[in-house]
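Q: mind folding the following:
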Amino acid sequence: MRLIPRIVVAGTHSGCGKTTLASGLMAALTARGLAVQPFKVGPDFIDPTHHSAICGRPSRNLDPFMMEEAGVRETFLRAAEGADIAVIEGVMGLYDGLDGTETASTAHVAKILDAPVLLVVDAKGASRSVHAVVRGYAGFDPGVRVAGVIFNRVGSPRHRALIETTQSLPAYGWVSRRDDLAVASRHLGLAMAAETGTLAGFGPVVEETCDLAGIMALARSAPPLPAVPGIRGGPEAGIRLGVARDAAFCFYYRDNLDKLVRAGADLIFFSPMTDRLPDVDALYIGGGYPELHAEALAASRCREDVRRAVDDGMPVYAECGGLIYLTERLATDGEDYPMAGVLPASAAMTNRIQGLGYVEARVVGGAPVLGPGTAFRGHEFHYSRLDCASDARFALELLRGRGITDGRDGLVVQNTVAQYTHAYFPGGFAERLVQAARAYRRG
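A: The predicted structure follows:
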């Protein structure tokens with residue numbers, strides 16, 4: 001059994017302030033000298049970058065749909081090793097899950113980890129009525145321990161006094177509105193942590209307005225968790241696997257990178273905007289914002305290096321932004337930019353969402369790296385669309401999600417596969433990619 005102090009910061013709905021308050025709590029506890037392990041419920045890539053910057057420890061996603069319950073427990077226990085407290089930021093409203101069910105909701109993760117919940121309630125425009133909201137959330141599912149509340153956007157001492165007249169659950173925070181600490185957003189969510197440190201600025205706010213000692217005591221009330229079998233180390237690193245990582249390509253699940261390392265990959269990070277392709281045996285290009293950096297990507301000679309590597313048979317795996325980068329051209333903001341020219345398709349940014357939600361996919365052939373018959377689960381979120389050649393080959397059949405076209409995803413060219421799906425690597429995938437890289441090197 002493992003005793004890990006932990007707390008889930010959940011919200012009544014999106015926009016109630018849970019991200020700012022969860023980040024502020026992480027910052028305040030870190031400033032006190034505690035080792036804080038951050039987590040994010042769901043498939044989000046952006047909030048974890050803020051958590052990681054604040055805590056100095058990589059934030060991890062906890063998503064029961066992609067990882068299954070055993071995967072959530074394993075990731076949590078492994079990542080929380082050596083931490084004084086784990087702070088888990090929820091997603092959407094506390095009970096909002098897949099297709100109107102509990103699955104993959106914040107409540108689902110709280111149950112899996114037997115963790116107490118702090119509910120963030122936006123108090124703007126209400127006083128006594130907030131207690132009806134709190135009691136409704138606290139009593140909705142007896143299996144979820146909603147243990148306390150943080151009231152956000154409290155207007156004044158008078159407003160607080162009106163709320164305090166009626167007690168529902170213990171209040172661990174009274175936070176006033178702070179427009180000066182708002183975080184900029186764009187089409188895929190908040191700005192990345194490297195672009196703004198604003199969320200860390202909520203640390204002093206939480207320190208001043210919240211009961212940190214009480215929150216720590218609440219986190220320590222979480223019961224021990226059953227230990228899970230340890231992960232055995234894989235082969236020694238020896239395969240050089242290039243990972244595109246910069247402002248254009250920044251969406252990666254940390255667990256996926258860890259799986260590649262355990263499979264024997266030495267990760268070589270580089271920027272397709274400013275670097276030449278390094279000496280590597282395989283390539284992984286994640287998602288991000290290529291449309292915001294299209295001019296730099298088009299000007300860089302790296303795209304020529306990537307095209308030659310693909311022609312030479314190098315294994316390449318790409319997701320979403322990486323998919324766009326491997327196309328022939330990208331149209332955005334009235335301009336047309338040449339991309340790597342690997343895939344028989346062109347990409348165009350649109351002003352509306354083209355794909356959003358969880359994905360279930362099955363490999364139907366044509367991509368040895370993926371493994372025939374392999375089942376993938378992941379997530380898609382994109383404003384771009386692809387126009388593919390009539391003879392384009394696809395590796396993935398979607399049981400759920402939109403993909404590239406007609407329920408298909410995963411364009412295939414030689415040993416390259418590129419898809420809109422941000423996959424949580426299934427068992428064996430990292431090993432197959434490393435094996436393909438080893439075969440390419442020996443060839």
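
Q: in this protein, where is pLDDT below threshold?
A: Applying pLDDT under 70 to the chain picks out residues 178-198, 200, 230-234.

Q: what's the following helix or strand after the longest helix seen in it?
A: Longest helix in the chain, counting residues (DSSP state H): helix 64-79. Using DSSP states H and E, the helix or strand that follows helix 64-79 towards the C-terminus is strand 85-89.

Q: parallel or antiparallel, list what pairs with that following strand.
A: Strand pairing for strand 85-89, using DSSP bridges, gives strand 6-11 (parallel), strand 36-41 (parallel).

Q: quick one: which of those is nearest Asp409?
A: Among those, the nearest to Asp409 by C-beta to C-beta is strand 36-41 (24.4 Å). All C-beta atoms are positioned from the backbone trio N, CA, C, and that covers glycine.

Q: what angle do that closest one and helix 64-79 make?
A: If you take axes from the mean of the first three to the mean of the last three C-alpha atoms, to 10 degrees, strand 36-41 sits at 170 degrees to helix 64-79.

Q: other SSEs contacting whichever helix or strand comes after strand 36-41?
A: In the C-terminal direction, the helix or strand that comes right after strand 36-41 (DSSP H and E) is helix 46-55. With contacts taken as 3 or more C-beta pairs under 8 Å, 6 or more residues apart in numbering; DSSP states H and E, helix 46-55 sits against helix 18-31, strand 36-41, strand 189-190.

Q: for those, which one sits closest to Arg262?
A: Closest to Arg262 of those is strand 36-41 (C-beta to C-beta; 19.5 Å).

Q: chain center to the closest one: distance?
A: Distance, stretch centre to chain centre, for strand 36-41: 11 Å (C-alpha atoms, centre = their mean, to the nearest Å).

Q: just stretch 131-145 next, same as before
A: In terms of C-alpha atoms, centre = their mean, the centre of stretch 131-145 is set 27 Å apart from its chain centre.

Q: just the strands paired with strand 85-89: most buried one?
A: Of these, the one with the most neighbours on average (mean count of other C-beta atoms under 10 Å) is strand 6-11, at a mean of 28.

Q: residue ranges of the helices in the stretch 251-400 of the chain, please?
A: For the stretch 251-400 of the chain, applying DSSP state H, counting those that start in this stretch gives helices covering 254-262, 294-299, 302-311, 321-326.

Q: residue contacts, the spatially most distant residue from the centre of the chain?
A: Distance from the centre of the chain peaks at Thr165, with 39.8 Å (C-alpha atoms, centre = their mean). Contact analysis of Thr165 by C-beta atoms under 8 Å, 6 or more residues apart in numbering lists Arg128.

Q: same thing but 10 Å
A: 127-128, 131 (C-beta atoms under 10 Å, 6 or more residues apart in numbering).

Q: now Val412
A: The contact partners of Val412, taken as C-beta under 10 Å, 6+ apart, are 343, 365-370, 392-396, 418-419.

Q: how near is it to Tyr137?
A: Separation of Val412 from Tyr137 (C-beta to C-beta, to the nearest Å): 47 Å.

Q: try Ala147
A: 11 Å.

Q: give me the more crowded residue out of these two.
A: Tyr137 (24 against 21; other C-beta atoms under 10 Å).

Q: before we move on, the earlier item: filter the contacts of Thr165 to the buried ones?
A: 127, 131 (16 or more other C-beta atoms under 10 Å).

Q: need the contacts of Thr165 in a markdown table with secondary structure and distance to Gly287, can you?
A: As requested, those are exported to a markdown table (DSSP: H, G, I helix; E, B strand; the rest coil; distance: C-beta to C-beta, whole Å):
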| residue | secondary structure | distance to Gly287 |
| --- | --- | --- |
| Ser127 | coil | 43 |
| Arg128 | coil | 45 |
| His131 | helix | 42 |
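
Q: quick one: which of the contacts of Thr165 is nearest Asn61?
A: Nearest to Asn61 out of the contacts of Thr165 is His131 (C-beta to C-beta; 32.9 Å).

Q: tell me who's in contact with the closest one.
A: By C-beta under 10 Å, 6+ apart, the contact list for His131 reads 121, 149, 163, 165-169.

Q: quick check: the farthest pair among these?
A: Farthest-apart pair in the contacts of His131 is Val121 and Thr165; separation 15.7 Å (C-beta to C-beta).
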